[in-house]
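# model the following, please.
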Amino acid sequence: MSTTSSQLVRYFTRSNNSRVGVIELNNPSKRNALSLSTLHQLLDIIRKVEHDGSVRVVLLQAKGPSFSSGHDLSEIRHFQKEAMEKSKYKEEQSPKEKLNDLFCVCSDVMTSIIKSTKPYVAKVDGVATAAGCQLVASCDLAYASIGSKFSTPGVNIGLFCSTPAVALCRTVHRKAALDMLLTGRMISAEEAARIGLINESVPEQKLEDRVDELTDLISTKSPLAIAEGKPVLATQLDLPLHEAY
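Numbers count the residues shown, from 1 in each chain. Below you'll find the model as predicted:
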């Protein structure tokens, strides 16, 4: 079945545990790129799940060999080209506005995950680059197969991964983040676990069981305690010690 715009992101609950919501990036032919349409769908699902009291934990995964390649560069180039040809568009939303919308919606997706009262767990079985790596870093917990890889490769094409850097620098040590941002190199799942980008790297054949075990465990905990505790944790991290207490 071909992937239409309505199928770029799928949502369902796990068949053996309806308290676990599953958000699945579903455009493997485009390496699950975070296009404007994909981001809008993703944000819409995140907002709906937030108000679903039956769901206690959310699993974020992807279909195919790539978790996410980040923004769709061909789409960005298209918006930029259209913006330079102003006389040719008479749309409701200009190409420049679309480009701004792309980055604004991306930021909304990341902050919605971080501010959610529900725990988000990323399951990575493949490559996560640029904004795809940012998505992993924005989740509360992350697990990856041993063969998975991560990078912020903007510098390799004359760009800097400025927005992925926001989530990355809040997840790993500053020097580890700068290593990724300044070199653009791909790091292994083992290194990602060592620097704290993910919680654990596990053999591919054991990844699903490991994540199911974790989400099952979280789903048995008090949703009220988690809903109250997660925002408090995020807030106190930015406060001086005496205010945090």
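# wait, doesn't residue 230 sit right on residue 140?
Yes. Counting by Cβ atoms under 8 Å, residue 230 touches residue 140, with 7.3 Å between them. C-betas here are computed from N, CA, C, even on glycine.
# identify the contacts common to the two.
Here residue 230 and residue 140 share the contacting residues residue 119, scored by Cβ atoms under 8 Å, 6 or more residues apart in numbering.
# a helix runs through residue 11, doesn't it?
No. Judged by DSSP: H, G, I helix; E, B strand; the rest coil, residue 11 forms no part of a helix; its state is strand.
# what about it, distance to residue 101?
22 Å (Cβ to Cβ, to the nearest Å).
# looking at the two, which is more packed in?
More neighbours surround residue 11 than the other of residue 11 and residue 101, with 19 against 15 (other Cβ atoms under 10 Å).
# in space, what's closest to that one - neighbours in sequence excluded?
Distance criterion Cβ to Cβ, 6 or more residues apart in numbering; nearest residue to residue 11, sequence neighbours excluded, is residue 45 at 4.8 Å.
# what do you get for residue 152?
That would be residue 161: by Cβ to Cβ, 6+ apart, it lies 3.9 Å from residue 152.
# in the longest helix along the chain, what's buried?
Ranked by number of residues, the top helix in the chain under DSSP state H is helix 95-115. With burial defined by 16 or more other Cβ atoms under 10 Å, the residues of helix 95-115 counted as buried are 95, 98-99, 102-103, 105-106, 108-110, 112-114.
# tell me the first helix or strand C-terminal of that helix.
Sequence order places strand 120-124 as the next helix or strand after helix 95-115, per DSSP states H and E.
# export that following strand as PDB, just CAs?
Output of strand 120-124 as PDB, limited to C-alpha atoms (Å, rounded to 0.1, in the frame of the first residue of the first chain):
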ATOM      1  CA  TYR A 120       7.500   9.300  26.200                       C
ATOM      2  CA  VAL A 121       9.800   6.300  25.300                       C
ATOM      3  CA  ALA A 122      11.700   6.300  22.000                       C
ATOM      4  CA  LYS A 123      12.400   2.900  20.400                       C
ATOM      5  CA  VAL A 124      15.100   3.300  17.800                       C
END
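# which residues of the protein fall in strands?
With strands called from DSSP state E, the chain shows them at 9-14, 17-25, 57-62, 66-68, 120-124, 127-129, 141-145, 149-151, 187-188, 200-202.
# elements contacting the longest one?
I take that to be strand 17-25. strand 9-14, helix 36-50, strand 57-62, helix 204-219 (3 or more Cβ pairs under 8 Å, 6 or more residues apart in numbering; DSSP states H and E).
# residue 243 is nearest to which of those?
Evaluated with Cβ to Cβ, the helices and strands packed on strand 17-25 place helix 36-50 nearest to residue 243, the distance being 27.5 Å.
# how many neighbours does the nearest residue to residue 137 once chain neighbours are set aside have?
Using Cβ to Cβ, 6+ apart and skipping residues adjacent in sequence, the residue nearest residue 137 is residue 167, 3.9 Å away. Using other Cβ under 10 Å, residue 167 is surrounded by 24 other residues.
# cool, residue 14 as well?
16.
# on that earlier part again, the buried residues of helix 95-115 into CSV, with extra columns for pLDDT?
As requested, the buried residues of helix 95-115 are exported to CSV (pLDDT from 0 to 100):
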residue, pLDDT
95, 63
98, 77
99, 75
102, 89
103, 90
105, 96
106, 96
108, 98
109, 98
110, 98
112, 97
113, 97
114, 95
